[in-house]
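J.: Predicted structure and sequence below. I'll ask about it afterward.
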Amino acid sequence: GDLGPVLGPLHPVLSENIKMIQEVAGKPEGEVSFHMSGTEAVMCAVRLARFNKSRKMVVVFGGAYHGWWDGVQTIAGNERSAADVITLKDLDPNSLDVIRMRRGEIAAVLINPLQAFHPNSPPPSDLVLASNSRSAGGNGQKNGERKAGALQEIEETYKTWLNKLRKVCTDNDIVLIFDEVYTGFRLAPGGAQEYYGIQADLVCYGKTLGGGLPNGVVCGERKLMNRCDPKKPLRVAYVIGTFAAHPLVLGCMNSFLKWNKKEGPKAHKEIRKLVKDFCIKVNNDMEEAELPLRVTAYTSVWTMLFQKPGRYHWLLQYYLKDEGINLSWVGTGRLNFSLDFKEKDMQKVREALLRAGKRMTEDGWWHDETSNSAIGIKLSLAKEFIWAFITSPFRSA
C-alpha cells in the first residue's frame, strides 16, 4: 500500500496473488502470466500453445466466444480469414475423430465452458432475436422444475463431453485450454475446472478476477508457459505488456482472491439455491398470468426464453429498463446475478419481470400471433430488409 501504483520493479503483492491463482487454477507448480484483458489472456495462451508444440492449428467450437482477437474469431466481424483455426461442432463424437486425425497439426483445443448453456450457438442476444428463436438450458419446457432438470441433464452431458475431450487431448499431446474469462468465478470459486471436475492444461481468466479493473491472467504448466526455446536461443515468443500486473489492479485482485477463498464457497452455494427458486417462481408467475415468457439459469447466469413466435420480443428490454432493470447490450439474452444478491433482491427482479410482461401485453406487443409462424416472421423481416436496401439510394436522393 505504501509503495503506491508505481510501474517498475515487481510489487510485493504479486507473489501472494500468484500463489492464490495457482490454487484457484489447481496448478500449485504452474506459472502465471498477467495481461490487460481476457482477450489478451486468450491471445497469450494460444500463442504459447503454438510456440511450445510447434504446431499452428487451434480448434474452437461453434458459437463460442473467445474475445475480439481475429486469430480465434471465425464468424461475422472478422475480415481476416482465420485459416489456422478449425471450428468443430460441440458435443459431437465426429469432432473427436477430426482432432485425432489431425493431431500432427493441432496445437490446442480452446473451450469456453459457458457453451454448456447453449451448445453450438452464440450467446443469446436481442440483436439477433427475430422471433422466439432462442435456445438455452432446456428451452421448450414451460415448468421451472422441468427446466432445471433439463439443464442438469445438459450439464451432465457436457461434463461427459469434456472428459472425452480431455482424454483425446492427453492421448494426442494436444493442449487443452479453458477460456474462463466469463465462467472463472461464476460457476464455482475454482471456475469450470472445479464445477466439472476437469483440469485443463492452460486456463485464462479476466473480468471478475480484477475486482472491477481491466485484467487478464493465464495459468498453466511450466513447460507450456515457456517463452523461449532451450534448443534454439533465438526462437522466442514475444508476449509482454507495459501495464500488465499493474499494482492498482494487483491490489484489487488480491482483495477479490482472498474473498473468493474465504467467502466464495458459501456465496456460490447460496446463489445457486436463490437462482433455482427464482426461476421456478418466475415461471409459475408467467404461467398464471398467461405471459409468453420463461426463464432458465446456469448457476448465476440466466436468460429469458419466449414461448411463442413474435417480432417484438426485443421490446421487453425497454419495458424492463422502465421498471428499473438496466440490461447490457445483449438485452434479455444473457444476464448475471451478483453473488451478493439476497432473497429481497430476487423478489424485486421477479416483480419487475411480471410488471414488464403485463405491460407488453397491455400495449399490444404480445398480441395473438397464432397465424404467424417463426419462419413466417423471419421471412417477413427479410423482405423488409431487402426492400429497405433496394430503395435506400432513392430515399436519400
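T.: Arrived safely. Numbering: from 1, shown residues only.
J.: show me what contacts the residue nearest to His66 when sequence neighbours are not counted?
T.: Nearest non-adjacent residue to His66, counting by CB to CB, 6 or more residues apart in numbering: Val72, 4.5 Å away. For the C-beta atoms, the positions are set from N, CA and C on the backbone; glycine is no exception. Neighbouring residues of Val72 by CB atoms under 8 Å, 6 or more residues apart in numbering: Val42, Val46, Val58, Val60, His66, Ala82, Val85, Leu110.
J.: again, but for Phe256
T.: By CB under 8 Å, 6+ apart, the neighbours of Phe256 are Thr208, Leu209, Gly210, Gly211.
J.: and Gly357, what element?
T.: Using DSSP states H and E, Gly357 sits within helix 343-362.
J.: how about that helix: buried residues?
T.: Met346, Val349, Arg350, Ala352, Leu353, Leu354, Ala356, Gly357, Arg359, Met360 (16 or more other CB atoms under 10 Å).
J.: Just confirm the second one contacts Glu323, I think it does.
T.: No. Counting by CB atoms under 8 Å, no contact exists between Val349 and Glu323, whose distance comes to 9.4 Å.
J.: Need the pLDDT of the spatially closest residue to Glu79 that is not a sequence neighbour.
T.: With sequence-adjacent residues excluded and distances taken as CB to CB, 6+ apart, Glu79 is closest to Asp70, at 7.8 Å. With respect to pLDDT, Asp70 has a value of 88.
J.: State the number of residues packed around Asp70.
T.: Per other CB atoms under 10 Å, the neighbour tally for Asp70 reads 14.
J.: Using the three-state scheme, assign it.
T.: Following DSSP: H, G, I helix; E, B strand; the rest coil, Asp70 is assigned to coil.
J.: In contact with it, which residues?
T.: Asn78, Glu79, Arg80, Ala82.
J.: For ChimeraX, what selects the buried ones among those residues?
T.: Restricted to buried positions by 16+ other CB under 10 Å, the ChimeraX selection for the contacts of Asp70 reads:
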select :82
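J.: coming back round to it: just name the lowest-scoring one in the contacts of Val72, pLDDT-wise.
T.: Of all of the contacts of Val72, Ala82 carries the lowest confidence score, 78.
J.: dump the residue contacts of that residue.
T.: Taking CB under 8 Å, 6+ apart, one finds Asp70, Gly71, Val72, Gln73, Thr74 in contact with Ala82.
J.: Make CSV out of those and add distance to Gly220.
T.: Below are the contacts of Ala82 laid out as CSV (distance: CB to CB, whole Å):
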residue, distance to Gly220
Asp70, 23
Gly71, 18
Val72, 17
Gln73, 22
Thr74, 24
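J.: List just the nearest of those residues to Cys204.
T.: Val72 (11.2 Å; CB to CB).
J.: Need phi/psi at the closest one.
T.: Taking degrees, to the nearest 10, you get phi -130, psi 10 for the backbone angles of Val72.
J.: could I have the helix or strand hosting Asn94 exported to PDB, CA atoms only?
T.: Per DSSP H and E: Asn94 is located in helix 93-101. This file holds the C-alpha atoms of helix 93-101, laid out as PDB (Å, rounded to 0.1, in the frame of the first residue of the first chain):
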ATOM      1  CA  PRO A  93     -18.100 -37.600 -31.500                       C
ATOM      2  CA  ASN A  94     -17.100 -36.800 -35.100                       C
ATOM      3  CA  SER A  95     -15.300 -33.700 -33.700                       C
ATOM      4  CA  LEU A  96     -13.100 -36.000 -31.600                       C
ATOM      5  CA  ASP A  97     -12.300 -38.000 -34.700                       C
ATOM      6  CA  VAL A  98     -11.200 -34.900 -36.500                       C
ATOM      7  CA  ILE A  99      -8.900 -34.000 -33.600                       C
ATOM      8  CA  ARG A 100      -7.400 -37.400 -33.600                       C
ATOM      9  CA  MET A 101      -6.800 -37.500 -37.400                       C
END
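J.: Which positions within that helix qualify as buried?
T.: So helix 93-101, judged by 16+ other CB under 10 Å, has buried residues Ser95, Leu96, Ile99.
J.: Next: stretch 191-209.
T.: 191-196, 198, 200-209.
J.: Hmm, Gly310 and Ala130 touching each other?
T.: No. With contact defined as CB under 8 Å, Ala130 does not reach Gly310; the gap is 9.8 Å.
J.: neighbour count winner among these two?
T.: Gly310 (24 against 19).
J.: does that one count as helix, strand or coil?
T.: Under three-state DSSP, the three-state class of Gly310 is coil.
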